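Peer 1: Show me the folded form of this:
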Amino acid sequence: MIFRALAPILSLVLLGLIAVEHYARARASDASAFHAAAAQSIGSIPARLGEWTTTDLPLPASAVTLLKPNAVLARRAERVGPGGVPEYATLVIVQCADARDMAGHYPPVCYPGQGWKPDGPIQPVVLRCADREIRAMRYHFTRDNYDQAQEVTIFGFFAVPGPGLIDDMPAIRKLASDYTARPFGAAQLHVVLTGRQSPGRDKEIAEELFGAIGPTIALLGDAAWRNKP
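Peer 2: Residues are numbered from 1 along each chain as shown. As a prediction, the model looks like this:
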């Protein structure tokens, strides 16, 4: 008799818990303010970044189709380096409303698809950028272009509101399956250098450029967006 009397009460409690869990799930509308702020911040990055002068580059149409970005930046950066030698780099930021769109477009996938071959293992690095340390990955690829060898080095990481800055794709794939994180998407940030730099100079360049966009990086990983109504 006791169990029969408790059954309806337990059913109501269970239904209540299901309803609470359902309404607690983050929805796309919950993240709209974040995506608007992310687009504004990325779009407001100045052409002058410290000693670097930058010019816009077009993102390949295939990448836009694949990534479906909420905001994107691709800039060619130029400065006069040590000894008066010109230095060049490319700064890329792609911020997507759905983290799942990142899976098919990051260096270990897209560079081999363009004929580049990995040259050595992927290296975890710590970048000291202005007032923060960033855990990133360093990728190095080579490609034969007729009789001339080409090299490219990429420093990259991801930014997600809440988890913050993430250095590897498996963690992004895991977040993409989390319904509370999914509406906030993810951003991917790269500094790309072609050719060969003196030892350690590639890392210094990445630190300079990422350090110059510190406020945007902070916004893209700010946990406060997950707690806003």
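Peer 1: which residue is nearest the centroid of the protein?
Peer 2: Gln188 (1.8 Å; Cα atoms, centre = their mean).
Peer 1: Just give me the neighbour total for the closest residue to that residue other than its chain neighbours.
Peer 2: Nearest non-adjacent residue to Gln188, counting by Cβ to Cβ, 6 or more residues apart in numbering: Val94, 5.0 Å away. Placement of C-beta: from N, CA and C, glycine included. By other Cβ atoms under 10 Å, 26 other residues sit near Val94.
Peer 1: Over to Ile217?
Peer 2: 24.
Peer 1: helix, strand or coil for it?
Peer 2: The three-state label given to Ile217 by DSSP: H, G, I helix; E, B strand; the rest coil is helix.
Peer 1: Can you verify my assumption that it contacts Leu189?
Peer 2: Yes. Judged on Cβ atoms under 8 Å, Ile217 makes contact with Leu189 at a distance of 7.0 Å.
Peer 1: Spit out the residues that contact these two alike.
Peer 2: 159, 210 (Cβ atoms under 8 Å, 6 or more residues apart in numbering).
Peer 1: His105 in helix, strand or coil?
Peer 2: coil.
Peer 1: That one: neighbouring residues, count only.
Peer 2: Around His105 there are 16 residues (other Cβ under 10 Å).
Peer 1: What ranges does the protein have for its helices?
Peer 2: 2-24, 32-43, 61-67, 107-110, 169-176, 201-212, 214-220 (DSSP state H).
Peer 1: which sections of this structure are below the confidence cut-off?
Peer 2: Where the chain drops to pLDDT under 70, the residues are 1-29, 62-63, 65-66, 103-104, 228-229.
Peer 1: Mind doing that once more with 80?
Peer 2: Low-confidence segments of the chain, defined by pLDDT under 80, span residues 1-30, 59-67, 101-105, 145-148, 175-181, 199, 227-229.
Peer 1: Tyr106: neighbour count?
Peer 2: Counted with other Cβ under 10 Å, Tyr106 comes out at 20.
Peer 1: For it, grab phi and psi.
Peer 2: Dihedral pair for Tyr106: phi -150, psi 160, per degrees, to the nearest 10.
Peer 1: In contact with the residue nearest to it when sequence neighbours are not counted, which residues are there?
Peer 2: Sequence neighbours aside, Met169 is the residue nearest to Tyr106 in space, at 5.7 Å (criterion: Cβ to Cβ, 6+ apart). Met169 makes contacts with 102-103, 106, 108, 158, as judged by Cβ under 8 Å, 6+ apart.
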